[in-house]
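**Q** curious how this folds, go ahead:
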Amino acid sequence: MEPILQVQGVSKIYGNGIVANKNVHFSINAGEIHALMGENGAGKSTLMKVLFGMEKPDEGKIIVEGTQVDIHSPIDALKLGIGMVHQHFMLVPSLTVAENMILCDEPCKGPFISMSEAVAITEQTALKYHLPIDPRARISDLSVGMKQRVEIIKALYRHAKILILDEPTAVITPQESEELFVQLKKLREMGHTVIFISHKIREVKELCDRITIMRHGETVGSYDVDDLSEEDISGLMVGRRIAKKVDKKKAEPGKAILKVKGLYYGLSENRLLLDNVCFCVHAGEILGVAGVEGNGQRELVEIIAGLREAEKGFIYIENREVTGRTVRQIRDAGVSHIPQDRLTYGAATGSTIAENLISDCSGNKQFHNGILYSKKKISEYANKLISRFQIKCDSEDTPVAMLSGGNMQKVVVARELRSNQKLIIADQPTRGIDVGTANLIHKQLIELRDQGAAILLISADLGEVMALSDAIIVMYDSKIVAYLKDVPSLTDKQLGRYMLGVEQQTEEQIREVFDDE
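**A** Okay, the predicted model is just below:
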């Protein structure tokens, strides 16, 4: 049987000489779920942009159902039956599900849009594909999992036979992931084909039929998933064996470094975004924060880091109040911050890698010859971090804007994970990061913990939270609903129940989270 999609010898070289794809070959059969995996900078995103018409290849062929095609835009891709669900959803939050469904394809009665028909279209499509959704619900009121469902329904409504999913489980709970997998298997049974991009090897093993692995812009090969172990896949991705388990000794917590007392945010809004949040993080401890995104984690982190002002409550670093202080003052108190939004807060994309790496410590004498900067000293410092964190680039003078998203993240993490920091706020530190670099970052966090740093870890990857954390707090509906100290005996399903609000601890059980020593 002829493959539904073939990529033959595709190459893409950007204007600065960076080879993103080099002679890429692979094929996908109709009615299969096909994984695409590789390190950051391996060329996955560029290849998908080529397939979806967002980039034009310099060489090679794309063949859809036996016919060679030219895909100049996403409209061309949709006409060929190729749809894509981006990791960062392309929805209008202020509109309803039905309104998002019909954008650019509005059903009309005379000169007016027929909203009743839009609702009917949404209901019919949702019913056909077993993806129930409320057509009249506003996107801003939906959970992340439901927003993802809207994106999938949108693509299917536009007759997508091949569905590209970019990191679809990165921001949803284990329960929502299980539900998504059920839905994707039903789509496969209906004859649809899915390209599944993920860094999570376990879920690829659970869901996918075949896998194509990319490394350094080229295809390593395509394999039946059942023929490879998790260790085989990670080894093929990075070219070496990766330790599967995080190796760490039992924590020895010291004094409280961070104290948060009675924190509120959103008092002037329709609902509280932080509701009487109290907790401590101790020296030599990693405290994980679990929760479905949108339950107050972002507001909490940004208030602690000085990016927002608390409306009520107090924050202390080593018993020194820092509530309402500037970002500079908080960093000077010994706080590092890996932000989840690397483009807004994490990196200056118009500046070079070296400039980003010294941006928070450029006044240090180690980078100067007298009153002038020393290019040599800055380059030596930057290249040490580039090597340590395996940042793929031409040189330390490469603009950050020219890096892949994962390599941008490596620049941010490299800058923030310096020694001698009292508190490290790690907000989604390995999002979009390949297994090899994630493993490296995990080791760095554990080493800093063992050196006495207090680490506040926020991650949508429950495997990461459970592997690294010495204790976990769970946030739901802007409150702490659980404080879990026995992490080794915890299962992801138990944690998921707290994250969904199905189960909550009593106030007495949670009170231990704030140790006012």
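
**Q** poorly predicted segments of this structure, please.
**A** Scanning the chain for pLDDT under 70 picks out the ranges 1, 16-17, 110, 170-174, 240-245, 270, 419, 432, 512-517.

**Q** quick one, domains of it?
**A** Following automatic domain parsing, one finds the domains of the chain at 5-238, 256-513.

**Q** show me the one of those domains that comes nearest residue 246.
**A** The minimum distance between residue 246 and these falls on domain 256-513, with 4.4 Å, by Cβ to Cβ. Where you see a C-beta, it was placed from the backbone N, CA and C, and this is true even at glycine.

**Q** off-centre distance for that closest one?
**A** Going by Cα atoms, centre = their mean, to the nearest Å, the spacing between the C-alpha centre of domain 256-513 and its chain's C-alpha centre is 14 Å.

**Q** what do you get for stretch 100-116?
**A** Mean-position distance between stretch 100-116 and its chain equals 34 Å (Cα atoms, centre = their mean).

**Q** contacts for that stretch?
**A** Taking contacts as Cβ atoms under 8 Å, 6 or more residues apart in numbering, the residues outside stretch 100-116 that touch it are 91-92, 95, 98-99, 117-118, 121-122, 125, 135, 139, 150, 153-154, 157-158.

**Q** with stretch 8-25 instead?
**A** Outside stretch 8-25, the residues touching it (Cβ under 8 Å, 6+ apart) are 7, 43, 46-47, 50, 55, 57-63, 214, 216-219, 394, 402.

**Q** residue 296 against residue 474, yeah?
**A** No: in this structure, residue 296 is not within contact of residue 474 by Cβ atoms under 8 Å, at 11.1 Å.

**Q** higher neighbour count, those two?
**A** The residue with more neighbours, out of residue 296 and residue 474, is residue 474; 28 against 25, by other Cβ atoms under 10 Å.

**Q** and the helix or strand hosting that one, which strands flank it?
**A** In this structure, residue 474 sits in strand 471-476 according to DSSP states H and E. Neighbouring strands of strand 471-476 in its sheet, by DSSP bridges, are strand 285-290 (parallel), strand 479-484 (antiparallel).

**Q** which parts of stretch 203-213 are buried?
**A** Of the residues in stretch 203-213, those buried under the neighbour-count criterion (16 or more other Cβ atoms under 10 Å) are 203-205, 207-213.

**Q** tell me the one of the residues you listed nearest residue 485?
**A** residue 203 (27.8 Å).

**Q** need the contact list for the nearest residue to the closest one once chain neighbours are set aside.
**A** When the adjacent residues along the chain are set aside, residue 203 lies closest to residue 169, with 6.1 Å between them (Cβ to Cβ, 6 or more residues apart in numbering). Contacts for residue 169 (Cβ under 8 Å, 6+ apart) come out as 176-177, 180, 198, 200, 203.

**Q** among these, which lie within helices?
**A** When helices are assigned by DSSP state H, the members of these inside them are 176-177, 180, 203.

**Q** buried members of these into ChimeraX, please.
**A** The buried residues among the ones in helices among the contacts of residue 169 can be selected in ChimeraX (16+ other Cβ under 10 Å) with this line:
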select :176,177,180,203
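
**Q** and the ones in helices among the contacts of residue 169, which is closest to residue 510?
**A** Of those, the one sitting nearest to residue 510 (Cβ to Cβ) turns out to be residue 176, at 24.4 Å.

**Q** for residue 293, see how far away that closest one is.
**A** Distance, residue 176 to residue 293, by Cβ to Cβ, to the nearest Å: 11 Å.

**Q** for residue 26, give its distance to residue 228.
**A** For residue 26, the distance to residue 228 (Cβ to Cβ) stands at 15 Å.

**Q** please enumerate the strands of the stretch 201-350 of the chain.
**A** 210-215, 218-224, 256-265, 274-282, 285-290, 312-317, 320-321, 335-338 (DSSP state E, counting those that start in this stretch).

**Q** what helices or strands is the third one leaning on?
**A** Read it as strand 256-265. Contact here means 3 or more Cβ pairs under 8 Å, 6 or more residues apart in numbering; DSSP states H and E; on that basis strand 256-265 packs against strand 274-282, helix 297-304, strand 312-317, strand 454-458.

**Q** what's the answer for the second one, then?
**A** Judged by 3+ Cβ pairs under 8 Å, 6+ apart, the packing partners of strand 218-224 are strand 19-28, strand 210-215, helix 230-238.

**Q** among those, which is the most enclosed?
**A** Across those, averaging neighbours per residue (mean count of other Cβ atoms under 10 Å) puts strand 210-215 on top, at a mean of 23.
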